[in-house]
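**Q** when you get a sec, could you give me coordinates for this:
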Amino acid sequence: MFVPSPYREPDGSWTVDLMRRNPLALLVTSSDKTDVPYATHLPVIFDPCMPEEDYSDPARFVLLGHMNRANPHWKALATGMPTLVVFSGSHAYVSPTVYDKSPAAPTWNFTAAHARGVLEKIESAEETLGVIGSTVRAFEADFGTDWDMTQSVGYFRKILPGVGAFRIAVSSIDSMFKLSQEQPPEVRDRVGCAFAESASTRHREVAGLMNRLAVPKQVTV
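**A** Residues are numbered from 1 along each chain as shown. Here you go, the predicted structure:
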C-alpha cells in the first residue's frame with residue numbers, strides 16, 4: 001500500500017485500534033490454479049496469548065481467524081504461505097462544497113491497514129475450538145453484551161468439522177490515515193465540522209479521528 005508521508009500512522013496505537021474496531025478483514029492469498037488471488041472476508045483477532053509489549057511492534061503481531069472449510073480458499077491455504085490481511089476502517093467522501101474555496105477537487109478520507117505475514121493452518125480440533133472461543137470473547141467484549149458461551153460449547157463442537165482455523169505471524173504492517181492533512185488548517189477544520197454534523201455514522205467517526213490528530217500548520221505533500 002502506497003502511504004504518502006502526511007498520512008502515516010500518528011503513533012502505534014492507531015493501527016491496533018483500527019484493527020480491533022474493524023475486525024471483519026479481507027484475507028488475500030495467491031492461487032496456484034489461476035492468475036486471480038483468493039480473497040475472503042472473515043473475522044480476525046489478535047492472539048490473546050500475545051504479550052502486552054508485542055502490541056507496540058507490528059512485526060510481532062499474531063493474528064487468528066477461521067473460515068468455512070467448504071470455501072475453496074481453505075483448500076488453497078497452506079502452512080508457510082505468504083498472506084495479506086486488509087483491515088478497512090472509518091471512511092467518508094469529501095465534497096468540494098465543504099472546502100469553501102475554488103478550484104477544488106473531491107476526495108475520500110479513509111483509514112486502512114495492510115498486514116503481511118506467514119500463515120499457519122491449525123489442524124487440531126481443540127486449537128480450532130480455542131480460536132472460536134477467543135473470537136467470541138473478543139467480539140462480545142467489544143461489540144456484544146458479554147454473552148456467556150458456556151451452554152453453546154457443545155453446539156460449537158458439533159459444527160467444528162466444518163470450521164478451518166489459522167494463525168498468521170505478521171512480518172510488517174502498512175497503515176494509512178488520510179484525514180485531510182494536506183489541507184490548510186481552516187479548510188481541514190471545515191471538513192471536520194461538516195463531518196461531525198453529518199447524519200452518517202461513518203462521517204462522524206472520521207471527524208472524531210480528525211479531532212484526535214495533531215497536524216502541523218502547513219503540510220507539504
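**Q** would you mark the buried spots in the host helix or strand of F166?
**A** Element membership of F166, judged by DSSP states H and E, is strand 163-178. Within strand 163-178, the residues that qualify as buried are 163-168, 170, 173-178, counting by 16 or more other Cβ atoms under 10 Å. Yep, even glycine has a C-beta here, placed from its N, CA and C like the rest.
**Q** next one: stretch 26-41
**A** Under 16+ other Cβ under 10 Å, the buried positions of stretch 26-41 are L27, V28, T29, Y38, T40.
**Q** got the end-to-end distance for that stretch?
**A** 4 Å (Cα to Cα, to the nearest Å).
**Q** and stretch 138-157, by the same measure?
**A** Span of stretch 138-157 from end to end, Cα to Cα: 19 Å.
**Q** got a list of contacts for it?
**A** Stretch 138-157 is contacted from outside by R20, R21, P23, P43, I45, F46, P48, L129, I132, G133, V136, R137, using Cβ atoms under 8 Å, 6 or more residues apart in numbering.
**Q** residue contacts, K101?
**A** Residues in contact with K101 (Cβ under 8 Å, 6+ apart) are V187.
**Q** can you pull out the strands in this protein?
**A** Taking DSSP state E as the test, the strands found in the chain are 24-29, 38-46, 62-68, 82-94, 107-122, 163-178.
**Q** if we can go back for a sec, in TSV: the contacts of stretch 138-157, plus distance to L119, pLDDT and neighbour count.
**A** TSV is the format used below for these (distance: Cβ to Cβ, whole Å; pLDDT from 0 to 100; neighbours: other Cβ atoms under 10 Å):
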residue	distance to L119	pLDDT	neighbour count
R20	20	96	13
R21	23	96	14
P23	17	98	19
P43	16	97	15
I45	15	98	22
F46	16	98	19
P48	19	96	13
L129	19	97	16
I132	18	97	20
G133	21	97	14
V136	22	97	18
R137	23	96	16
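**Q** and which of those residues is nearest to F61?
**A** Top of the list for closeness to F61, among the contacts of stretch 138-157 and by Cβ to Cβ, is F46 at 6.7 Å.
**Q** kindly state the beta-bridge partners for that closest one.
**A** L63 (DSSP bridges).
**Q** now it: how far from G89?
**A** Spatial separation of F46 from G89 under the definition Cβ to Cβ, to the nearest Å is 16 Å.
**Q** surely R20 and F46 touch.
**A** Yes - taking contacts as Cβ atoms under 8 Å, R20 lies within contact range of F46: 7.3 Å.
**Q** any idea how far stretch 140-158 is from the chain center?
**A** Counting by Cα atoms, centre = their mean, to the nearest Å, stretch 140-158 is centred 23 Å from the centre of its parent chain.
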